[in-house]
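# okay, predicted coordinates and the sequence, questions at the end:
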Amino acid sequence: MPHRGQESTDDIGDGELTVPMAWLYAEYIADELLRSGDLMPPTSFEFRAGRDALALTVFLSDADGELSGIRVITQLETWLSLTAYDQPWQEWVQGRLADLTAERAAGRSAARPDLELARSAWRWLRETELLAPDLNAVPGGGTGAGEDEGPKVWTPAWQLGLPLGHLAIHLF
């Protein structure tokens, strides 16, 4: 008996399950990059923010929707430049999601559960705030005491995850 998902994007119409391989692969790559950098505990919200930010970068930068294993190494520089501090990553993500949604609405691409998962990750990154050290509170951008003792500020998860993902790529 075929599995039926809760949303119509999981069923391609003939009773077969459409597996979101492009998103799952992007998430796997992001997870491996973060784990290899050993920057945060994998159970932390910061790790999730980094993984989701990196997975979005990997997924949305793959124009063909089928990133092969061999191409991962060749894409590291692209991902590094997309996640750099001076880049408009948030606008790029919103633009790419809008483009993919428009292609789907115009019938130029099939319904993809990958896109729904990417939208869900972006929603979480935008709407979730994490308590982080306020690096702007002390002149020079540093804290006078230990990391846990300085002033904190609520920050959108993507603003924490993006530099974490960038650093993980850099360390790889």
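Received it, and whenever you're ready, just let me know what you need.
# could you list the low-pLDDT ranges of this protein?
Within the chain, the segments meeting pLDDT under 70 span 1-16, 63-71, 108-111, 135-148.
# redo that, cut-off 80
In the predicted model, the chain carries pLDDT under 80 at residues 1-18, 63-74, 104, 106-112, 133-150.
# which residue ranges of it form helices?
21-37, 45-61, 71-82, 89-105, 113-127, 157-171 (DSSP state H).
# please identify which of the ones you listed is closest to D134.
helix 157-171 (12.1 Å; Cβ to Cβ). Every C-beta, even on glycine, is put in place using the N, C-alpha and C of the backbone.
# now do that closest one: distance to the chain's middle.
10 Å (Cα atoms, centre = their mean, to the nearest Å).
# for that helix, packing partners?
When contacts are defined as 3 or more Cβ pairs under 8 Å, 6 or more residues apart in numbering; DSSP states H and E, helix 157-171 sits against helix 21-37, helix 45-61, helix 71-82, helix 89-105, helix 113-127, strand 129-133.
# quick revisit: pick the most buried one from the helices of the chain.
helix 45-61 (a mean of 24; mean count of other Cβ atoms under 10 Å).
# tabulate the helices and strands packed on helix 157-171 (a markdown table), appending distance to L162.
Formatted as a markdown table, those follow (distance: least, Cβ to Cβ, whole Å):
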| stretch | distance to L162 |
| --- | --- |
| helix 21-37 | 12 |
| helix 45-61 | 5 |
| helix 71-82 | 9 |
| helix 89-105 | 6 |
| helix 113-127 | 9 |
| strand 129-133 | 12 |
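# what's the closest of these to F172?
F172 sits nearest to helix 21-37 of all those, at 5.5 Å, using Cβ to Cβ.
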